[in-house]
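K.L.:
just need the structure, nothing else, for what follows:
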Amino acid sequence: MLEVSEKVLVAITRRDNPQMVVGVFSQKFLPLKDIRAQDGDVWVALDRVRDPGNLGTVIRTVDAVGAKGIILVGETTDPFSVETVRATMGSIFAVPVAKATPEAFLAWRKNFPGLVAGTHLKGAVDYRSVDFSKGPVVLMMGNEQQGLPESLAESCDRLLRIPQAGRADSLNLAVATGIMLFEIRRGALKFAPEDAKP
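P.N.:
Prediction:
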């Protein structure tokens, strides 16, 4: 243990009123090849996510909904940056994070045994109408500004849309991911056999 002044804590944590204890942990990525999805598993693949607040909020939501982890595809913001970790509210310690190039992800996806669903402007299927109860699921979400590129969109089994009633033309990435994740969990129960429901 090392004791430091409040001034040092302010500099380290970038907060005016820091907590009195700071921990140091090694950064650990889950190798993509080690993800072996089972029935009921849900993974989130994020393409080129740029905003650390978005990434941290998605990690926190993945933890809250009981999904298995996150796959970062392409050049993304650092999941271990101060801003990202702060936005996870501690969930960074509970949610495995894998990283992959688009090419490596697409190669891994070929052997994925379940449903790969992505949100896309071309999505013709209402996200509430999909049966998520059969096998594992990968939810693929695109970059904040550009959405999913064609190569990743084409690898999806389903391209989904979240209908909007107001004037906004899009949703924040973290909000859209949260909506999808809770629907996947609800949908899995809705379509599951009666004796499988809690």
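K.L.:
any idea of the mean pLDDT in the strand or helix carrying Val10?
P.N.:
Secondary structure from DSSP states H and E places Val10 in helix 6-13. Mean pLDDT, helix 6-13: 83.
K.L.:
distance between it and the chain's centre?
P.N.:
Its chain's C-alpha centre and that of helix 6-13 lie 31 Å apart, by CA atoms, centre = their mean, to the nearest Å.
K.L.:
downstream of it, the next helix or strand is which one?
P.N.:
Next element after helix 6-13 (DSSP H and E): strand 42-47.
K.L.:
remind me what that next one packs against, helices and strands.
P.N.:
helix 52-65, strand 69-73, strand 137-141, helix 173-191 (3 or more CB pairs under 8 Å, 6 or more residues apart in numbering; DSSP states H and E). All C-beta atoms are positioned from the backbone trio N, CA, C, and that covers glycine.
K.L.:
buried deepest among the ones you listed, which one?
P.N.:
Most buried of these by mean neighbour count (mean count of other CB atoms under 10 Å) is strand 137-141; its value is a mean of 26.
K.L.:
and that strand, which strands flank it?
P.N.:
Strand 137-141 sits in its sheet next to strand 42-47 (parallel), strand 115-119 (parallel), going by DSSP bridges.
K.L.:
name the residues that touch that strand?
P.N.:
With CB atoms under 8 Å, 6 or more residues apart in numbering as the test, strand 137-141 has contacts from 37, 41-47, 49, 58, 71, 109, 112, 114-119, 148, 152, 155-156, 173, 176-177, 180-181, 184.
K.L.:
repeat the analysis, applying 7 Å as the threshold.
P.N.:
42-47, 112, 114-119, 148, 152, 156, 173, 176-177, 180-181, 184 (CB atoms under 7 Å, 6 or more residues apart in numbering).
K.L.:
circling back: let's have the helices and strands packed on strand 42-47 in CSV, adding distance to Val82 and mean pLDDT.
P.N.:
Listed next are those as CSV, based on distance: least, CB to CB, whole Å; pLDDT from 0 to 100:
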stretch, distance to Val82, mean pLDDT
helix 52-65, 8, 97
strand 69-73, 17, 98
strand 137-141, 23, 97
helix 173-191, 18, 84
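K.L.:
nearest to Phe29, out of those?
P.N.:
strand 69-73 (8.6 Å; CB to CB).
K.L.:
got the angle for the closest one vs strand 137-141?
P.N.:
Taking axes from the mean of the first three to the mean of the last three CA atoms, to 10 degrees, strand 69-73 and strand 137-141 form an angle of 40 degrees between their directions.
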